[in-house]
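Enquirer: A structural model of the following input is requested.
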Amino acid sequence: MASPSSSDLLTVRVRMPQHVACRSFVAETVVLNLQTGQYHGLNPTAGKMLEALQSSPTIGDVVPDLAGEYGVEREQIERDLLTLVRGLLERGLIETVDDETD
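Expert: Residues are numbered from 1 along each chain as shown. Here you go, the predicted model:
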């Protein structure tokens with residue numbers, strides 16, 4: 001199955017599955033996949049992005065707020081956010097949500 005395009009991915013909602021635990025600290029956010037036993041450390045910016053994703057209707061909806069908060073062009077935030085999302089999806093640390101069934 002092909003991975004979704006960037007524009008398609010921006011319209012998706014994501015969440016952390018039940019097998020993932022997350023804890024934020026000053027210097028990093030630690031995410032644990034309980035199925036694999038692997039810890040993943042996220043820098044403060046990635047941790048903030050993950051936090052924003054958890055409360056957002058779609059991935060794309062967090063871009064304007066993050067761009068404003070960090071004073072970075074929207075296109076750069078979008079690229080960085082999509083890179084993070086793809087990495088988290090590959091590691092099973094987030095999953096996409098189908099609003100019709102959830």
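Enquirer: how about the helix ranked longest in the chain: buried residues?
Expert: Secondary structure assigned by DSSP state H gives helix 74-90 as the longest helix of the chain. Across helix 74-90, burial judged by 16 or more other C-beta atoms under 10 Å covers Ile77, Glu78, Asp80, Leu81, Leu82, Leu84, Val85, Leu88, Leu89. Every residue, glycine included, has its C-beta placed from N, CA and C.
Enquirer: which strands and helices sit next to it?
Expert: Packed against helix 74-90 by the contact rule (3 or more C-beta pairs under 8 Å, 6 or more residues apart in numbering; DSSP states H and E) you find helix 6-9, strand 13-15, helix 44-54, helix 63-70.
Enquirer: could you dump those into a markdown table with distance to Asn33, mean neighbour count and mean pLDDT added?
Expert: Below are the helices and strands packed on helix 74-90 laid out as a markdown table (distance: least, C-beta to C-beta, whole Å; neighbours: other C-beta atoms under 10 Å; pLDDT from 0 to 100):
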| stretch | distance to Asn33 | mean neighbour count | mean pLDDT |
| --- | --- | --- | --- |
| helix 6-9 | 21 | 14 | 83 |
| strand 13-15 | 14 | 17 | 96 |
| helix 44-54 | 14 | 18 | 96 |
| helix 63-70 | 24 | 15 | 95 |
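Enquirer: which of these sits closest to Val26?
Expert: Taking C-beta to C-beta, helix 44-54 is the member of those nearest to Val26, at 7.8 Å.
Enquirer: what's the angle between that closest one and helix 74-90?
Expert: Relative orientation of helix 44-54 and helix 74-90, computed by axes from the mean of the first three to the mean of the last three C-alpha atoms, to 10 degrees: 80 degrees.
Enquirer: can you list contacts of helix 44-54?
Expert: For helix 44-54, the external contacting residues (C-beta atoms under 8 Å, 6 or more residues apart in numbering) are 14-16, 22, 24, 26-29, 31, 42, 59, 62, 65-66, 69-70, 80-81, 84-85, 88, 94.
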